[in-house]
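>>> My questions concern the predicted model and sequence given below.
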Amino acid sequence: MQKDKLASYIGIALQAGYVIEGSDKLSGYDKKLYLVLIDTLAGKSSRKIYDRLVEKGIEGREVEGLGTLNQKTYKLIGIKNKGLSEEIKKYLD
């Protein structure tokens, strides 16, 4: 049930265009992000980009099974909408 709720929030953000997917896109992204999510099984390169974004002051959360939500295979995503990021953080905290 809880994973379904997270999947629905991420699905809404994807449909609205508020998600930056993957370490390649996030490594060069320089606009405002409100939340960065990383899968607990992410590799070293994704972890390095995640750590760099968190050091910049962007809130970050580790999510178990993030790579399998919404039939997508992502290990690192950034949320660019404040309202959706707040709702996702409420669920994760």
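Structure's in. What do you need?

>>> wait, doesn't residue 33 sit right on residue 53?
Yes. Counting by Cβ atoms under 8 Å, residue 33 does reach residue 53; the two are 6.9 Å apart. The way it works is simple: take the backbone N, C-alpha and C, and place the C-beta from them, glycine included.

>>> Overlap of the contact sets of those two?
Shared contacts of residue 33 and residue 53, defined by Cβ atoms under 8 Å, 6 or more residues apart in numbering, comprise residue 78.

>>> Show me where the chain has its helices.
Taking DSSP state H as the test, the helices found in the chain are 2-16, 23-27, 44-55, 82-92.

>>> which one of these has the lowest average pLDDT?
Of all those, helix 2-16 carries the lowest average pLDDT, namely a mean of 86.

>>> Show me the contact partners of it.
So helix 2-16 is contacted by 19, 63, 65, 69-70, 77, 79, 81, 84, 87-88, 91-92 (Cβ under 8 Å, 6+ apart).

>>> Dump it to PDB, restricted to CA.
Output of helix 2-16 as PDB, limited to C-alpha atoms (Å, rounded to 0.1, in the frame of the first residue of the first chain):
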ATOM      1  CA  GLN A   2       2.700   2.500   1.000                       C
ATOM      2  CA  LYS A   3       4.800   1.700  -2.100                       C
ATOM      3  CA  ASP A   4       1.700   2.300  -4.200                       C
ATOM      4  CA  LYS A   5       1.300   5.800  -2.700                       C
ATOM      5  CA  LEU A   6       4.900   6.700  -3.500                       C
ATOM      6  CA  ALA A   7       4.500   5.300  -7.000                       C
ATOM      7  CA  SER A   8       1.400   7.400  -7.500                       C
ATOM      8  CA  TYR A   9       3.200  10.600  -6.400                       C
ATOM      9  CA  ILE A  10       6.100   9.900  -8.600                       C
ATOM     10  CA  GLY A  11       3.700   9.000 -11.500                       C
ATOM     11  CA  ILE A  12       2.000  12.400 -11.100                       C
ATOM     12  CA  ALA A  13       5.300  14.200 -11.100                       C
ATOM     13  CA  LEU A  14       6.400  12.300 -14.200                       C
ATOM     14  CA  GLN A  15       3.200  13.100 -16.100                       C
ATOM     15  CA  ALA A  16       3.500  16.800 -15.100                       C
END
